[in-house]
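**Student:** Need a 3D model of the following:
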Amino acid sequence: MTDTPAESGALPVVALIGRPNVGKSTLFNQLTGTRDALVADLPGLTRDRQYGIGRLEHQRFIVVDTGGIGPDQDPDFREMTEAQATAALEEADVVVFLVDARSGLNPADQEIARRLRRQDRPVVLAVNKSEGLSAVEANADFYALGMGDPLPIAAAHNRGLVSLGERLAEHLPAFGQGEPPPPRDPGIPRICVIGRPNVGKSTLVNRLLGEERVVAADAPGATRDSVEVGFEWQGRTFRLVDTAGLRRRSKRDGIAEKFSGVKTLQAIEQSDVAIVVVDARSDIGAQDARVLGLAAAEGRSIIVAINKWDKLEEAVRKQIREELDYKLPYLDFAPVHTISALRGSGLGELMRSVVRASDSANANLTTSALTKVLEDAVRAHQPPAVHGRRIKLRYAHQGGRRPPKIVIHGNQTARVNTDYKRYLSNRFREAFDLYATPVEILFKSGDNPFEGRRNTLTPRQERKRKRQVKRFGKNK
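**Tutor:** Numbers count the residues shown, from 1 in each chain. From the prediction side, this is the model:
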């Protein structure tokens, strides 16, 4: 029997299920705050399962987007897509069943409802595309599905999502609320080793541990679960997590592999530092970029380890470095190490980077020091004026760790553009030597303490004013 999310300490899993083109991918993008899922007005655009970390208010969870189920799906991909949806149901703790308010009840909706009743999973029936309709109009047809009270939402316009979070919380009382559970010992940094299958993750972990603690084989998918083990390096203790690796969902087979993507995301979410292992003999592909993107989206310190480097000619090595810089420009803060996990070369430098990255992710930054760096940065390069008005940034303080969050107070802060935000992030990273970690900049408009207050005269001032008016008259 599997643990519930509350018992295991892992984030719960929410699967989005429905027929094609009801807005599952749009909802996925809203929940995760990304554009990872393809969105267009075409049935069957999503075929593989898509994973991301979802957030609603203070709730956090893993959300799984699926291809549409039903006759509208491309016949060439129907079997594969339905298998992906079935796998998502097996992974899920709760299911969001999406239907389309505009097109009304459909026979495919009824078939999906029958399938969901056979699953031992709580279901939230969400009626999407309900903008412009009353709740009565949107929901009228869908009570017939027997899935409880329908919930009208408009994913494309970000409407109804707070109510969706409340409905999900009803099914899972401990549903991802607050911060994720801390490691067994909060003083011990957690490091996840992630990457595509068969790039050498388990070999790397075994080399660092000095023993065969994790299955290592020259075949994709040899590791079927996440394995966490204690590890000491130069007197410092860490916890290493080796995962089964992210792989194109269409290539997976068996229940064990279907759970690997979820476990990888949970490992990323709970870690301080992500070592992303890349195979030097393969091009930097979409799956590598996807793994790196997942770690970056969670604000983790990132170290790229290019494995099997020892077998390449110097010209090929140069080409790989250039390709990495070109394809992943948003990860300019992530150091790149070249290693051979099998031979053990390059691991000393790698672990020195891990120590620096872990310290940076959990750095304690004082308000006075942050404010001084902010003042120096603004003095060197003022924020661009907006409609002739200068943006004023007054002071900064730390708002969190993993990654370091810096809150900047000022006026018109909502108008600070992306380039200037990136400039400030780089200045803070350089000033505090925040190695291998992103810096999250948050802005807050400073409150005017006199806003909304009237300048009320004292009785003495009122008498003086009356005398002056009587003597000199009112100013025109």
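**Student:** what kind of secondary structure is the closest residue to residue 105 other than its chain neighbours in?
**Tutor:** If the residues on either side of it in the chain are set aside, residue 105 comes closest to residue 141, at 3.9 Å by C-beta to C-beta, 6 or more residues apart in numbering. In this view, the C-beta of every residue, glycine as well, is placed from N, C-alpha and C. Following DSSP: H, G, I helix; E, B strand; the rest coil, we place residue 141 in the helix state.
**Student:** For stretch 96-114, measure first residue to last.
**Tutor:** In stretch 96-114, first residue to last residue: 15 Å (C-alpha to C-alpha, to the nearest Å).
**Student:** For that stretch, give me every contacting residue.
**Tutor:** The contact list for stretch 96-114 (C-beta atoms under 8 Å, 6 or more residues apart in numbering) reads 14-19, 21-24, 27, 69-72, 116, 123-130, 133, 137-139, 141-142, 144-147, 150, 152, 164, 168.
**Student:** out of these, which are buried?
**Tutor:** 14-19, 21-24, 27, 69-70, 116, 123-130, 133, 138-139, 141-142, 145, 147, 150, 152, 164, 168 (16 or more other C-beta atoms under 10 Å).
**Student:** Could you identify the helix or strand that succeeds the helix or strand encompassing residue 373?
**Tutor:** Using DSSP states H and E, residue 373 maps to helix 367-380. Counting by DSSP H and E, the next helix or strand C-terminal to helix 367-380 is strand 392-400.
**Student:** returning to that earlier point: so which of the contacts of stretch 96-114 are in helices?
**Tutor:** 24, 27, 116, 137-139, 164, 168 (DSSP state H).
**Student:** Which residues belonging to the helix holding residue 373 are considered buried?
**Tutor:** For helix 367-380, the neighbour count (16+ other C-beta under 10 Å) marks 370-371, 373-374, 377-378 as buried.
**Student:** Of those, just say which sits nearest to residue 407.
**Tutor:** Set against residue 407, the nearest of the buried residues of helix 367-380 by C-beta to C-beta is residue 370 (9.0 Å).
**Student:** pLDDT wise, what is that closest one at?
**Tutor:** Here the pLDDT value assigned to residue 370 is 96.
**Student:** thought it was touching residue 428?
**Tutor:** Yes - with contacts counted by C-beta atoms under 8 Å, residue 370 reaches residue 428, the gap being 7.3 Å.
**Student:** Mind listing the shared neighbours of these two?
**Tutor:** With contacts defined as C-beta under 8 Å, 6+ apart, the residues shared by residue 370 and residue 428 are residue 406.
**Student:** just to revisit the earlier point, quick check: the gap between the residue nearest to residue 105 and residue 120.
**Tutor:** Look at residue 141 and residue 120: by C-beta to C-beta, to the nearest Å, they are 27 Å apart.
**Student:** Ok, residue 457 next?
**Tutor:** Counting by C-beta to C-beta, the gap from residue 457 to residue 120 is 72 Å.
**Student:** out of those two, which sits in the more crowded spot?
**Tutor:** Neighbour count, other C-beta atoms under 10 Å: between residue 457 and residue 120, residue 457 has more, with 11 against 5.
**Student:** Now the more buried one: closest residue in space, sequence neighbours ignored.
**Tutor:** residue 465 (6.5 Å).
**Student:** Next, the residues that contact the one helix or strand that neighbour maps to from outside, please.
**Tutor:** Assessed by DSSP H and E, residue 465 sits inside helix 459-472. With C-beta under 8 Å, 6+ apart as the test, helix 459-472 has contacts from residue 457.
**Student:** How far off centre is stretch 392-400?
**Tutor:** With C-alpha atoms, centre = their mean, to the nearest Å as the basis, stretch 392-400 stands 23 Å off its chain's centre.
**Student:** May I have that stretch as PDB, with CA atoms only?
**Tutor:** Taking Å, rounded to 0.1, in the frame of the first residue of the first chain, the C-alpha atoms of stretch 392-400 are listed here in PDB:
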ATOM      1  CA  LYS A 392      12.900  55.000  -7.100                       C
ATOM      2  CA  LEU A 393      14.200  51.900  -5.400                       C
ATOM      3  CA  ARG A 394      14.700  52.600  -1.700                       C
ATOM      4  CA  TYR A 395      15.900  49.600   0.300                       C
ATOM      5  CA  ALA A 396      16.100  45.800   0.100                       C
ATOM      6  CA  HIS A 397      15.800  42.900   2.600                       C
ATOM      7  CA  GLN A 398      15.900  39.100   2.300                       C
ATOM      8  CA  GLY A 399      12.600  37.400   1.800                       C
ATOM      9  CA  GLY A 400      13.600  33.700   1.800                       C
END
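**Student:** Would you mark the buried spots in that stretch?
**Tutor:** Residues of stretch 392-400 classed as buried: 393, 395-398 (neighbour count, 16+ other C-beta under 10 Å).
**Student:** which one among those residues gets closest to residue 291?
**Tutor:** If you rank these by distance to residue 291 using C-beta to C-beta, residue 398 comes first, at 28.8 Å.
**Student:** contacting residues for the spatially closest residue to the closest one that is not a sequence neighbour?
**Tutor:** Spatial nearest neighbour of residue 398, excluding adjacent residues (C-beta to C-beta, 6+ apart): residue 365 at 4.6 Å. Neighbouring residues of residue 365 by C-beta under 8 Å, 6+ apart: 398, 404, 406, 432.
**Student:** element containing residue 365, please.
**Tutor:** Under the criterion DSSP H and E, no helix or strand holds residue 365.
**Student:** ok, so what distance separates it from residue 292?
**Tutor:** The spacing between residue 365 and residue 292, counted by C-beta to C-beta, is 26 Å.
**Student:** and what of residue 97?
**Tutor:** 33 Å.
**Student:** and what of residue 418?
**Tutor:** Residue 418 is 20 Å from residue 292, by C-beta to C-beta.
**Student:** Now stretch 98-110: buried residues?
**Tutor:** Those would be 98-101, 105-106, 108-109, for stretch 98-110 by 16+ other C-beta under 10 Å.
**Student:** ugh, wrong one, stretch 289-308
**Tutor:** For stretch 289-308, using 16+ other C-beta under 10 Å, the buried residues are 291-308.
**Student:** From start to finish, how long is that stretch in a straight line?
**Tutor:** 19 Å.
**Student:** pLDDT on that stretch, on average?
**Tutor:** Here the average pLDDT along stretch 289-308 is 88.
**Student:** Can you give the distance from it to the centre of its chain?
**Tutor:** Going by C-alpha atoms, centre = their mean, where stretch 289-308 is centred and where its chain is centred differ by 12 Å.
**Student:** now swap in stretch 121-134 and tell me
**Tutor:** Here stretch 121-134 shows a centroid-to-chain-centroid distance of 24 Å under the convention C-alpha atoms, centre = their mean.
**Student:** So for that stretch, mean pLDDT?
**Tutor:** The model assigns stretch 121-134 a mean pLDDT of 92.
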